[in-house]
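# build me a model from this:
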Amino acid sequence: MKDAIGIRLPETIMKKIEKLSKEENEDRSTIIRKLVVIGYFNLSKQKAAEKYIKGKITFSEAAHEAGLTIWEMERYLVEEGFKSSYSIEDLEKEMKILSTSLKH
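Next up, the predicted model:
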């Protein structure tokens with residue numbers, strides 16, 4: 001561990017952390033560290049997905065920023081209810097272009 005920090009948390013959250021600490025048989029600091037790490041990665045995924053949906057970054061850039069593979073990013077977006085605007089017609093056009101270019 002590098003840096004120690006002090007934070008103030010609402011009493012209700014501290015009670016939940018204490019309960020979780022007992023359930024997991026780990027000290028409070030360990031539980032708080034785990035929660036911070038989980039929260040960081042969840043926020044990273046959310047922010048990367050938002051940038052992708054707004055068209056600010058590519059899909060692969062979003063996956064990279066979120067620390068996920070492309071398949072994991074795809075699963076995350078689907079789980080979050082994202083619906084792609086990529087249509088069957090788009091796929092058919094690309095398949096036709098690909099087929100034509102392979103023949104040449």
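# when you work out contacts or count neighbours from here on, use the C-alpha atoms and nothing else.
Will do.
# and the next element down the chain from the helix or strand where Ser29 lies?
Assigned by DSSP states H and E, Ser29 falls within helix 28-53. Counting by DSSP H and E, the next helix or strand C-terminal to helix 28-53 is helix 59-66.
# okay, angle between the next helix or strand after that next one and helix 59-66 too, please.
For helix 59-66, the following helix or strand on the C-terminal side (DSSP H and E) is helix 70-79. Interaxial angle of helix 70-79 relative to helix 59-66 (axes from the mean of the first three to the mean of the last three Cα atoms, to 10 degrees): 90 degrees.
# with just CA atoms, put helix 70-79 into CSV.
In CSV, the C-alpha atoms belonging to helix 70-79 read as follows (Å, rounded to 0.1, in the frame of the first residue of the first chain):
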residue,chain,number,x,y,z
ILE,A,70,-14.2,-6.2,-26.7
TRP,A,71,-16.5,-9.2,-25.8
GLU,A,72,-16.7,-8.1,-22.2
MET,A,73,-17.5,-4.5,-23.2
GLU,A,74,-20.2,-5.8,-25.6
ARG,A,75,-21.7,-7.9,-22.8
TYR,A,76,-21.6,-4.9,-20.4
LEU,A,77,-23.4,-2.7,-22.9
VAL,A,78,-26.1,-5.4,-23.5
GLU,A,79,-26.5,-5.9,-19.7
